[in-house]
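Novice: All I have is the shape, not the residue letters:
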């Protein structure tokens, strides 16, 4: 019996153990084992010089994209990716690469990336890479037929007038241009830019500044019929309110982020924005986008706890909601972000009072990110990992 118990415990610790019968286990697949060896012992795949850098692929080694994509991420995490390593990946004949995630690699440049583009990349993430310029976008046209996902977040010098005119990535489905000020270009260039993106379904245009009062997001009309995800995080509030009718005309929209960030630690700064997104605007959004599943409206005025709309919603048609403006949802959302809103701000500070109030409060979402309860705070910490300033004490 003791021996059986030991075997049972050991089988539960095996990576490929069978959960239905603890006396049996499935061994690791050869594929998973190959990945583990690749990550733990690069010398098995590459010839390593005295500095620990990989200089060439060993003879008779073949790395398919299923392994190489993850191996590249592992090298990035360890800070071992530079131009020399990208040259190696570009010159090796027995390497296949589809997804290149190079976030934060400051030691790579346009030349190194050019070597990498010999692979027909489907996904490229060069966000926050300080050495990348508009030359990379010109070189990337080699992958224009295969590229589906592009993240150039915080690559501020990468988009030029010439790039706007020749952005021929017609198969691109996901684009992240966070902090790249597209509105600084002439309106017809921005419209030409988006008119080329026939298959775009996900767009992140966070941190856009309205450089002139005549600038707007009207160009979103060109992709309104196809967008499923739109992120306008920390954009100037007037840009959002002026484009609200366009947002409400997106029939396939599933995720919308119009949340705001505190502008600083200035004393007396308001905790939430007033009359930017009103209950009436939310009501129109709920009625106009039947596919909406995720919504982030952090730091907006959502109305008080006890505020009621003039017309009561039919409980047989609409979900139960204590938030003015979301009474017109026909089904609960999967997620709602409500960090630092007036609605959350009005929660009684006493824990007992808060618990009592929560019993009579209906938030129409499966997951809620905010400061209402311990659970909603944990969700906020999970989903806002890249927005740390949100948790700073103001």
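Specialist: In hand now; what should we look at? Small disclaimer: the values here were computed from a predicted structure and weren't measured. Residues are numbered from 1 along each chain as shown.

Novice: Doesn't residue 238 lie inside a strand?
Specialist: No: read with DSSP: H, G, I helix; E, B strand; the rest coil, residue 238 is helix and lies in no strand.

Novice: And for residue 217, the neighbour number?
Specialist: Around residue 217 there are 22 other residues, counting by other C-beta atoms under 10 Å. Where you see a C-beta, it was placed from the backbone N, CA and C, and this is true even at glycine.

Novice: Surely it is in contact with residue 245?
Specialist: No: between residue 217 and residue 245 there is no contact under C-beta atoms under 8 Å: 10.7 Å.

Novice: Which parts of the protein are strands?
Specialist: Listed in chain order, the strands of the chain (DSSP state E) span residues 46-48, 54-57, 99-101, 123-125, 149-151, 174-176, 202-204, 229-231, 255-257, 294-296, 333-337, 365-369.

Novice: And the nearest residue to residue 44 once chain neighbours are set aside, how close does it get to residue 276?
Specialist: Nearest residue to residue 44, sequence neighbours excluded (C-beta to C-beta, 6 or more residues apart in numbering): residue 37, at 5.7 Å. Note on residue 37: its distance to residue 276, by C-beta to C-beta, to the nearest Å, is 54 Å.

Novice: Of these two, give the one with the bigger neighbour count.
Specialist: residue 276 (17 against 13).

Novice: got a list of what that one touches?
Specialist: The contact partners of residue 276, by C-beta atoms under 8 Å, 6 or more residues apart in numbering, come to 237, 240-241, 260, 300-301.

Novice: same thing with residue 57?
Specialist: Per C-beta under 8 Å, 6+ apart, neighbours of residue 57: 45-47, 63, 88, 92, 94-95.

Novice: what pairs with it across the strands?
Specialist: Beta-bridge pairing for residue 57 (DSSP bridges): residue 46.

Novice: my guess is residue 39 meets residue 71, correct?
Specialist: Yes: Residue 39 is in contact with residue 71 according to C-beta under 8 Å; the separation is 6.8 Å.

Novice: Domains in the protein, by residue range?
Specialist: In the assignment given by automatic domain parsing, the structural domains of the chain cover 1-39, 259-394.

Novice: what's the least confident stretch among these?
Specialist: Lowest mean pLDDT within the domains of the chain: domain 1-39, a mean of 54.

Novice: separation between the closest residue in space to residue 38 that isn't next to it in sequence and residue 47?
Specialist: Excluding the flanking residues, the one nearest residue 38 by C-beta to C-beta, 6+ apart is residue 71, at 5.2 Å. The span separating residue 71 from residue 47 equals 15 Å under the rule C-beta to C-beta.

Novice: Tell me which of these two has more neighbours.
Specialist: residue 71 (20 against 13).

Novice: okay, now the closest residue in space to residue 159 that isn't next to it in sequence: neighbour count?
Specialist: For residue 159, ignoring the flanking residues on the chain, the nearest one in space by C-beta to C-beta, 6+ apart is residue 180 at 5.4 Å. Close neighbours of residue 180, defined as other C-beta under 10 Å, add up to 20.

Novice: Please verify my assumption that residue 180 contacts residue 163.
Specialist: No: using C-beta under 8 Å, residue 180 is not in contact with residue 163, being 10.4 Å away.

Novice: ok, residue 137 touching residue 157?
Specialist: No: in this structure residue 137 lies outside contact range of residue 157 using C-beta under 8 Å: 10.5 Å.

Novice: okay, the two: which has more neighbours?
Specialist: residue 137 (22 against 10).

Novice: dump the residue contacts of residue 105.
Specialist: Residue 105 neighbours (C-beta under 8 Å, 6+ apart): 76, 81-82, 126, 129.

Novice: Produce a PyMOL select command limited to the buried residues of those residues.
Specialist: Selection of buried members from those for PyMOL, criterion 16 or more other C-beta atoms under 10 Å:
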select buried, resi 76+81+82+126+129
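
Novice: Quickly note the distance from residue 334 to residue 368.
Specialist: 11 Å.

Novice: Comparing the two, which residue is more hemmed in?
Specialist: Legend: neighbour count by other C-beta under 10 Å for residue 334 and residue 368, higher for residue 368 (21 against 14).

Novice: any idea how far the closest residue to that one other than its chain neighbours is from residue 322?
Specialist: Distance criterion C-beta to C-beta, 6+ apart; nearest residue to residue 368, sequence neighbours excluded, is residue 376 at 4.6 Å. Applying C-beta to C-beta, the value for residue 376 to residue 322 is 14 Å.

Novice: ditto for residue 228
Specialist: According to C-beta to C-beta, residue 228 and residue 322 sit 28 Å apart.

Novice: contacting residues around the closest residue to residue 115 other than its chain neighbours?
Specialist: Excluding its sequence neighbours, the residue lying closest to residue 115 (C-beta to C-beta, 6+ apart) is residue 90, at 3.1 Å. Residue 90 is in contact with 114-119, counting by C-beta under 8 Å, 6+ apart.

Novice: of those residues, buried ones?
Specialist: Of these, these count as buried by 16+ other C-beta under 10 Å: 114-117, 119.

Novice: before we move on, back to that, and the contacts of residue 57, which is closest to residue 361?
Specialist: Nearest to residue 361 among these is residue 63, at 53.4 Å by C-beta to C-beta.

Novice: Quick check: that closest one vs residue 94, distance?
Specialist: From residue 63 to residue 94 the distance is 7 Å (C-beta to C-beta).

Novice: Enumerate the positions of stretch 250-262 that are buried.
Specialist: Neighbour-count burial for stretch 250-262 [16+ other C-beta under 10 Å]: 250, 253-262.

Novice: Quick check: residue 203 touching residue 231?
Specialist: Yes: contact criterion C-beta under 8 Å: residue 203 and residue 231 qualify, at 7.1 Å.

Novice: Between those two, which contacts overlap?
Specialist: Here residue 203 and residue 231 share no contacting residue, scored by C-beta under 8 Å, 6+ apart.
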